[in-house]
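# Could you look at this predicted model? Sequence included:
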Amino acid sequence: MAILGTVGIGRSEDQVVERTLTSKDLYSGLEATRVLPKDTSLVLDVRNWPKNGAAGIITTDIIDLGDDGILGKAAAVTDLRIALTTKCEAPASVTTEIRTGTTFFQDAGTWTAWQLYEGAFAPRGHYAQIRLKLSTTDIKVLPAVNAVRLTYSLKAPVFQGSVTLVEDRVQKIVNSVVVFGYERPDQPDLLWLNKTFKLEGVIAGKKTEFEKLRALLDWVAARKNKRPGPTNSDGSYPWNLREVFTEENGGTMRGHCMSYCETFIAVAVSLGWQARHFAIQGFRDTSHEVPEVWVNELAKWVYMDPSLDTYYTDRKTNEPLNLLQMHNAYVNFVLKPGEILRRGEEVNLDRVESLRGKHPVKCITNDYTYGQREKWDWEFGHGYLTAGWMQLTPRNNWQSQPQPWCKDFSDSPDGYCGFPVYVDSRTPIVEPTTSLWYTRERDFWWTLNQASFRMIRSQDNTVEVECGTSQPFFHKYLARIDDSDWRPVDVQFTWTLKAGNNRIEITCEDEFGKRASASLAIVRYDPNDSSHGAIDATAFSALVRPRSTGWAPGGASRPECAAGSGSSRDH
């Protein structure tokens, strides 16, 4: 953020601010759908043209026009102007939309609707979000965006004393434009699963979260397999748990890898974790149905395969890996520089065979194969080497919402339902039917079960705290100030600082009493720091819209859910 000029006016500071978002900044924002980086631009992605059309969308994350850090100060923004650096000739077009608001995490009633940008204006509050729409009717004439420049006037109050951020362990919530439907752990079929098979006993005595999930993985992998699996009257696969998993012999799996995957997801959800299903495919056209589970203590999604009782780790660090990490290890190790993964049963067979014992990942397994104890060749079978093309099923609420379901599975990427596919330079689109693809890590690997917050200084010794979360089925926020106990707080509350260091922690609980990972900050207030003149900043405190007069217990306000957290949202 470049400050072009500063004028002291006694009780506040006026600044003319200019900030530029490069194509790299835009590509890493909330949304970059159907656009691709090219040199210093983002260019419209016209693959599978014209069947799927050519319309690209770029949406920024929330922009704090006053300050980028977690500790800012109240500010009034006027004369906001947007200028685009583009390459755009008819019939191509780029349109600019904007919305502004007074809150960072919540948008119910505190933000404007999206509106076409038509010239300088005074925004609501000091938060903004920009959306660009790229389109063309001629594949030979593509629009491109190099940068977005914001210019505005900023009036910020000057306070008596100083407030300094001493320690910052505040989590950054990563949202996605993919809307995911989460299953409730109190769904009747999941309650049946938990009670019937005494799942609490399976994890009893396990100390860490990962140890508990590993015990559940082992338990599902050890269930006997009975084939053929069930099918619906139309030949489709039944996504309902009770049809693929029975009480026979202490739990019997009916079907193939999808049955084990679905059951493991149900087991994890019934005990308070969230997991999701991927269809993956790799060399020699080997396909597999597998889950990832969000591990709170690792703050990441982790791949676990109940069909083969395996997970994978980085050979050097022993870190458990998710599918993207496995995918990157696969394409960067097996493929030659610049080479792409190709279809065909004979592709790379000799090369994969020559790499035995050299892979950058390590397979951790108890040697189960579909309910039977036997060793299997992980360096030539399912799992890591299958993590080429990846397709996400954007929901796990199959018990409470069984329809619509996929009518069949396929041995090819994007084989069913038009679910979102991950695409990169090493694994390009291979199907003309592919209609929904994403090209960035955050589109599929968003964060979950985190609590975050931001602080805006509104008076000499007070800050307004705004809470945010990525927790499904959120119920209430809790705060711990200095050495106090955890207490419920509103989504926004005022925090009065004492001289010296002040410590704040924020977490939240869902409807089932599960707590999210907490965020922490230490703020130092020095009332004797006279580097700025004292003013009456009362007028500025209204800009941050406090909803309670203190941090003490109050009713918890329910925020809008984040994309990737139960329903759609714009930021």
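All right, it came through fine.
# Confirm P228 sits in a strand?
No: using DSSP: H, G, I helix; E, B strand; the rest coil, the assignment for P228 is coil, not a strand.
# Next, find the distance separating it from G251.
To G251, P228 is 18 Å away according to Cβ to Cβ, to the nearest Å. No exception for glycine: its C-beta is placed from N, CA and C like everyone else's.
# So between those two, which is more surrounded?
The neighbour comparison of P228 against G251 (other Cβ atoms under 10 Å) goes to G251, with 19 against 8.
# For the more buried one, which non-adjacent residue is closest in space?
Closest residue to G251 in three dimensions, ignoring its sequence neighbours and counting by Cβ to Cβ, 6 or more residues apart in numbering: R223, at 4.5 Å.
# The helix or strand where G72 lies: how far from the chain's middle?
In this structure, G72 sits in strand 71-73 according to DSSP states H and E. Here strand 71-73 is found 25 Å from its chain centre; the criterion is Cα atoms, centre = their mean, to the nearest Å.
# do the same with stretch 22-35
15 Å.
# which outside residues touch it?
Outside stretch 22-35, the residues within contact range by Cβ atoms under 8 Å, 6 or more residues apart in numbering are 21, 37, 40-45, 54-61, 129, 131-132, 134, 145-148, 175, 177, 438-440, 442, 570-571.
# Kindly recompute the last result at 7 Å.
37, 40-45, 55-61, 134, 145-148, 175, 177, 440, 571 (Cβ atoms under 7 Å, 6 or more residues apart in numbering).
# For it, list every residue counted as buried.
T22, S23, L26, Y27, G29, L30, E31, A32, T33, R34, V35 (16 or more other Cβ atoms under 10 Å).
# Distance of the closest residue to G101 other than its chain neighbours relative to A128?
Leaving aside its chain neighbours, G101 sits nearest to W111 (3.4 Å; criterion: Cβ to Cβ, 6+ apart). Using Cβ to Cβ, one obtains 10 Å as the distance from W111 to A128.
# list residues touching both of those two?
In contact with both W111 and A128: T100, using Cβ under 7 Å, 6+ apart.
# Next, R99: secondary structure please.
Counting by three-state DSSP, the backbone at R99 sits in strand.
# The strand holding G72 packs against which elements?
Under the contact criterion of 3 or more Cβ pairs under 7 Å, 6 or more residues apart in numbering; DSSP states H and E, strand 71-73 touches strand 451-459.
# Quickly find the element holding R19.
strand 12-22.
# partner strands of that strand, parallel or antiparallel?
With DSSP bridges as the test, strand 12-22 is paired with strand 2-8 (antiparallel), strand 144-157 (antiparallel).
# and these, which one is worst for confidence?
Looking over the strands paired with strand 12-22, mean pLDDT reaches its minimum on strand 2-8, with a mean of 32.
# end to end, how far does stretch 291-307 reach?
Using Cα to Cα, to the nearest Å, the span of stretch 291-307 from its first residue to its last is 10 Å.
# Not counting its own residues, what contacts it?
208-210, 213, 217, 220-221, 257, 260-261, 263-265, 268, 273-278, 290, 311-312, 320-323, 326, 370, 383, 445, 448-449, 517.
# could you flag which of those residues are buried?
Among those, those scoring as buried are 210, 213, 217, 220-221, 257, 260-261, 263-265, 268, 273-278, 290, 311-312, 320-323, 326, 370, 383, 445, 448-449, 517 (criterion: 16+ other Cβ under 10 Å).
# Now intersect those residues with the helices, please.
The members of these that map onto helices under DSSP state H are 210, 213, 217, 220-221, 257, 260-261, 263-265, 268, 323, 326.
# with those residues in mind, which one is nearest to D189?
T263 (11.1 Å; Cβ to Cβ).
# Return the residues in contact with that closest one.
So T263 contacts V220, L241, V244, F245, M253, P306 (Cβ under 7 Å, 6+ apart).
# Around the last one, count how many other residues there are.
Residue neighbour count, defined by other Cβ under 10 Å, stands at 30 for P306.
# Then the third one?
Applying other Cβ under 10 Å, we find 23 other residues in the vicinity of V244.
# list the contacts for the residue nearest to it when sequence neighbours are not counted?
Spatially, and ignoring its direct neighbours in sequence, V244 is nearest to S259 (4.2 Å; Cβ to Cβ, 6+ apart). For S259, the contact set (Cβ under 7 Å, 6+ apart) comprises G229, V244, M253.
# Appreciated, that's everything.
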